[in-house]
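*Asks:* sequence unavailable; structure follows:
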């Protein structure tokens, strides 16, 4: 029955049914493997290959305001825009944090804008496989632009940003200095650095520090390429200041440093494939009452008791999973 | 040759050789599978089962100061303390951020303190498998306490904190409000909440907000258990204020809400085993020039060309890995 409903929702995408988008994303986010499979198989061939803009930064820098301003600027050029706002798996997300989402919903009445919070709390593979599947849905729904906004600055969030064509790292004065931004590990993923709230004191100093660190990074060859040195741009997103220049920089990055579309799509596909398989392994290991669960428990017990070397326990698990006998390996007869 | 060197280093642990600790941790962090295997197999049986304290929070809240103060308090009770400071894989880590580590090194001359930054940038499995192996080394080296300090507040960092017996989430006034802390997804992992820099204005308000959110979480049953409601404690870590109370709360949590030692060790072993196997799958998928790499590229190409459904490509990868033939499954004859 679910399969039939998913097929109907996929058909609805073609007709621009927004509720179909929402429901398909829910299947991607919380569904089981067969539901996700049905969604991905049922999607109509996308007419567009959306540009994906990644946006990250520490809490409090005004990421949502920058996103809202970008939506406005992109809509002014007639582009259809979807936002995936990645929230951590927090029981609070539904309640206390709604304010932000509501602020963004100033675009709510606009049919060319779709905003979605995503938690992927039901997924063992987490965001790394859920986000590319959500991108497939949004592409099929005809969005020209997808903004992936991640809250927080951790490794998983940085991994998700890797699906973006252009990545903005947003900073703001008064939230720790540039060293703190470097600490958060996000400077090196930035294609463009944004100093938001740049009307506050300290913005000039932050801008200089960031430029200094970029130079340092340039020296060690970690950030810039021959074709692209990340610019540092100032914005006051709540007043729309600096947003046109930001959008121009995003375009510029795509033209000068972007991969060809076909290569970009292949890379995304490879990444998703790897993550989907790893999610499958995780699912097998975690399956309650499964054969693997008890083997895992036994191996852990032997390891703790000191009767089995830890890596011998890993070998045992490799055998239990069948990973010792890959396709093409000589079969036992 | 490496194997012999590793065996000698493991013997050095028993004699309290600090350089042996450092080198073994380097093998764990950057070594290949055979080196990691040799390290783990060569470790002497630990005399102690260290208590693991997790400490996390947004950039700028003063995590390093809290850690430094905790070290002092724990040393005063005669405990040997190791710190694993988890830095993101940043090319900047070595340079600009050294300040923090140096500050902690006020304990440098003390033989009962060992401080280590960890990046795990050479590891495909990342911190989730590197940290438990580092814990094995530190246990064998006779540390009574290990503080895992994570910079940043993302999902990977939260996953690492899951290895801790007691988790402190550090906040500070003036760095965004409690809503931002909730956004970062860390409130629900806190066993103890710390309002550091509590001499600054806004500390009282932050404390009230956190208590309010805990109550909300308590209502939805997500944080507290029957035995433990996370306390909110105020500290001024740079002056050592509130640290004794913090340490008392950590002890209290261990007694009232901690798992029995054997169960704790089994859970850690199970987690590490799962992560070690997943890291192995990742390594196979990423191996340059390997059979899987070309199969992955072909499957991705077919997926992009539209000749293969995405999940059929996943099936193909499952077969290539051998995951379709787990141990105990009927063999083809």
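*Replies:* Structure received. The model shown is predicted, which means the values in this text are computed figures rather than measured ones. Numbers count the residues shown, from 1 in each chain, chains lettered A, B, ... in the order given.

*Asks:* low-scoring pLDDT stretches of the stretch 101-250 of chain A, where are they?
*Replies:* By pLDDT under 70, the weakly predicted segments of the stretch 101-250 of chain A are A:101-109, A:119-126, A:151-158, A:175-186, A:217-226.

*Asks:* all helices of it, in order?
*Replies:* With DSSP state H, counting those that start in this stretch as the criterion, the stretch 101-250 of chain A has helices at A:127-140, A:155-161, A:178-183, A:203-220, A:243-257.

*Asks:* am I right that residue A:145 is in contact with residue A:54?
*Replies:* No - using CB atoms under 8 Å, residue A:145 is not in contact with residue A:54; the gap is 11.9 Å. The C-beta positions use only the backbone N, C-alpha and C, and glycine is treated the same way.

*Asks:* quick revisit: can you list the helices of the stretch 101-250 of chain A in TSV and add distance to residue A:33 and mean neighbour count?
*Replies:* Shown next, in TSV, are these (distance: least, CB to CB, whole Å; neighbours: other CB atoms under 10 Å in any protein chain shown):
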stretch	distance to residue A:33	mean neighbour count
helix A:127-140	11	25
helix A:155-161	20	24
helix A:178-183	38	23
helix A:203-220	41	17
helix A:243-257	34	16
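
*Asks:* as a markdown table, the ones you listed with distance to residue A:308 would be great.
*Replies:* Formatted as a markdown table, these follow (distance: least, CB to CB, whole Å):
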| stretch | distance to residue A:308 |
| --- | --- |
| helix A:127-140 | 31 |
| helix A:155-161 | 30 |
| helix A:178-183 | 39 |
| helix A:203-220 | 43 |
| helix A:243-257 | 50 |
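
*Asks:* and of the ones you listed, who's closest to residue A:79?
*Replies:* helix A:243-257 (10.2 Å; CB to CB).

*Asks:* check which helices and strands the next helix or strand after the closest one is in contact with.
*Replies:* Heading C-terminal from helix A:243-257, the first helix or strand you meet, by DSSP states H and E, is helix A:261-286. The contact analysis (3 or more CB pairs under 8 Å, 6 or more residues apart in numbering or on different chains; DSSP states H and E) places helix A:261-286 against helix A:127-140, helix A:291-305, helix B:261-286, helix B:291-305, helix B:310-321.

*Asks:* out of these, indicate the one that is most buried.
*Replies:* Among the helices and strands packed on helix A:261-286, helix A:127-140 has the highest mean neighbour count (mean count of other CB atoms under 10 Å in any protein chain shown), at a mean of 25.

*Asks:* quick one: it near chain B?
*Replies:* Yes - Helix A:127-140 lies within reach of chain B by CB under 8 Å from any CB of the partner chain, at A:127, A:136.

*Asks:* let me see the contact set for residue A:132.
*Replies:* Neighbouring residues of residue A:132 by CB atoms under 8 Å, 6 or more residues apart in numbering or on different chains: A:163, A:268, A:271, A:272, A:275.

*Asks:* meant to ask about residue A:266
*Replies:* B:297, B:300, B:301, B:304.

*Asks:* and residue A:169, by the same measure?
*Replies:* Residue A:169 sits in contact with A:56, A:57, A:181, A:186, A:187, A:189, A:190, A:192, A:193, A:194, where contact means CB under 8 Å, 6+ apart.

*Asks:* at 7 Å instead, please
*Replies:* For residue A:169, the contacting residues are A:56, A:57, A:186, A:187, A:189, A:190, A:193, A:194, by CB atoms under 7 Å, 6 or more residues apart in numbering or on different chains.

*Asks:* adding distance to residue A:71 and neighbour count, write the residues you listed out as TSV.
*Replies:* Shown next, in TSV, are the contacts of residue A:169 (distance: CB to CB, whole Å; neighbours: other CB atoms under 10 Å in any protein chain shown):
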residue	distance to residue A:71	neighbour count
A:56	17	28
A:57	17	27
A:186	22	26
A:187	25	26
A:189	22	20
A:190	21	26
A:193	20	28
A:194	15	28
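
*Asks:* for residue A:189, see how far away the residue nearest the centre of chain A is.
*Replies:* Geometric centre of chain A, nearest residue: residue A:160, 3.3 Å, by CA atoms, centre = their mean. Plainly put, residue A:160 is 11 Å away from residue A:189 if you go by CB to CB, to the nearest Å.

*Asks:* same check, this time on residue A:260
*Replies:* 21 Å.

*Asks:* and if you look at residue A:60?
*Replies:* With the distance defined as CB to CB, residue A:60 ends up 19 Å from residue A:189.

*Asks:* same check, this time on residue A:32
*Replies:* 32 Å.

*Asks:* same thing with residue A:129?
*Replies:* Computed as CB to CB, the residue A:129 to residue A:189 distance reads 20 Å.

*Asks:* ok, residue A:323 next?
*Replies:* Distance of residue A:323 to residue A:189, computed by CB to CB: 31 Å.

*Asks:* now the helices and strands packed on helix A:261-286 as a markdown table including distance to residue A:216?
*Replies:* Below are the helices and strands packed on helix A:261-286 laid out as a markdown table (distance: least, CB to CB, whole Å):
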| stretch | distance to residue A:216 |
| --- | --- |
| helix A:127-140 | 30 |
| helix A:291-305 | 44 |
| helix B:261-286 | 29 |
| helix B:291-305 | 34 |
| helix B:310-321 | 40 |
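
*Asks:* minimum distance to residue A:74: which of the ones you listed has it?
*Replies:* helix A:127-140 (14.0 Å).

*Asks:* quick one: that closest one to helix A:261-286, angle?
*Replies:* Going by axes from the mean of the first three to the mean of the last three CA atoms, to 10 degrees, helix A:127-140 is angled at 130 degrees with respect to helix A:261-286.

*Asks:* between helix A:127-140 and helix B:310-321, how many degrees?
*Replies:* 150 degrees.

*Asks:* near chain B, which of the contacts of residue A:169 show up?
*Replies:* With CB under 7 Å from any CB of the partner chain as the criterion, the contacts of residue A:169 include residue A:187 near chain B.

*Asks:* how about the contacts of residue A:169 in JSON lines, adding distance to residue A:9?
*Replies:* Shown next, in JSON lines, are the contacts of residue A:169 (distance: CB to CB, whole Å):
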{"residue": "A:56", "distance to residue A:9": "30"}
{"residue": "A:57", "distance to residue A:9": "34"}
{"residue": "A:186", "distance to residue A:9": "36"}
{"residue": "A:187", "distance to residue A:9": "41"}
{"residue": "A:189", "distance to residue A:9": "34"}
{"residue": "A:190", "distance to residue A:9": "37"}
{"residue": "A:193", "distance to residue A:9": "39"}
{"residue": "A:194", "distance to residue A:9": "36"}
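
*Asks:* restricted to strands, list the contacts of residue A:169.
*Replies:* Of the positions in the contacts of residue A:169, A:56, A:193, A:194 sit in strands, assigned by DSSP state E.

*Asks:* and of these, the nearest to chain B?
*Replies:* residue A:56 (9.8 Å; CB to the nearest CB).

*Asks:* what's opposite the closest one in the beta bridge?
*Replies:* Legend: beta-bridge partners of residue A:56 under DSSP bridges are residue A:169.

*Asks:* now the strands for the stretch 1-150 of chain A?
*Replies:* Per DSSP state E, counting those that start in this stretch, the stretch 1-150 of chain A carries strands over the ranges A:51-56, A:81-86, A:113-118, A:145-150.

*Asks:* redo those strands as JSON lines? Include distance to residue B:22.
*Replies:* Listed next are these as JSON lines, based on distance: least, CB to CB, whole Å:
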{"stretch": "strand A:51-56", "distance to residue B:22": "33"}
{"stretch": "strand A:81-86", "distance to residue B:22": "37"}
{"stretch": "strand A:113-118", "distance to residue B:22": "41"}
{"stretch": "strand A:145-150", "distance to residue B:22": "34"}
